[in-house]
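Chemist: Below is the sequence, then the predicted model.
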Amino acid sequence: MLREKLAEDLKTAMKSADPKTVGVLRLLISAINNKAIEKRTKTGSDVLTDDEVLQTLNGEAKKRKESVEIFIKGNRADLAEKEKGELEIIQTYLPKLMSREETEKAVDRILASAAPKDIGLAMKEVMKELRGKADSAIISELVKQKISK
């Protein structure tokens, strides 16, 4: 479903002669197709679920965020702005992330029910439920705080 929305939006962007959006959507569709090919070699099926498509989009968003940081450190504001623009387009296809407070409540609830003492096991339990719903950096920080207490 999300894949089809990207294809439709690409057609719309092409008709409206929006080269920036066309470029970003082509990159996203290409990344999704690469993920489908990768899946086909492993499982024999190249049908991606919406969760797998979202994971791919999250990966692309993460790449853009990292690039922005690197370009800012390298005093390349022009390239940082380009990456920010691409990130904004990608984020329109991603679900809204939970706030820090909501994430903390969810982490507390999950850790209280699972009660793992190891950070690795705790992260596994929390990420199972919150992947794609909350920022993984915030989750990691909160889990480390809660487990090390």
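Modeler: Okay, I see it. Numbering: from 1, shown residues only.

Chemist: buried residues in the lowest-mean-pLDDT helix or strand in the chain?
Modeler: The helix or strand with the lowest mean pLDDT-type score in the chain, counting by mean pLDDT, DSSP states H and E, is helix 119-130 (a mean of 80). By neighbour count on 16 or more other Cβ atoms under 10 Å, the buried set for helix 119-130 is 122-123, 125-127, 130. For every residue, glycine as well, the C-beta is placed using N, CA and C.

Chemist: which of those lies closest to A114?
Modeler: When the buried residues of helix 119-130 are ranked by distance to A114 (Cβ to Cβ), E125 comes first, at 4.5 Å.

Chemist: Let me know whether the closest one touches V107 as I believe.
Modeler: No - E125 lies out of contact with V107 (Cβ atoms under 8 Å); the separation is 9.6 Å.

Chemist: any shared contact partners between the two?
Modeler: Residues touching both E125 and V107 (Cβ atoms under 8 Å, 6 or more residues apart in numbering): none.

Chemist: secondary structure element for the residue nearest the centre of the chain?
Modeler: Centroid-nearest residue in the chain: N58, 1.5 Å away (criterion: Cα atoms, centre = their mean). Secondary structure here is read from DSSP states H and E; on that basis N58 sits in helix 50-73.
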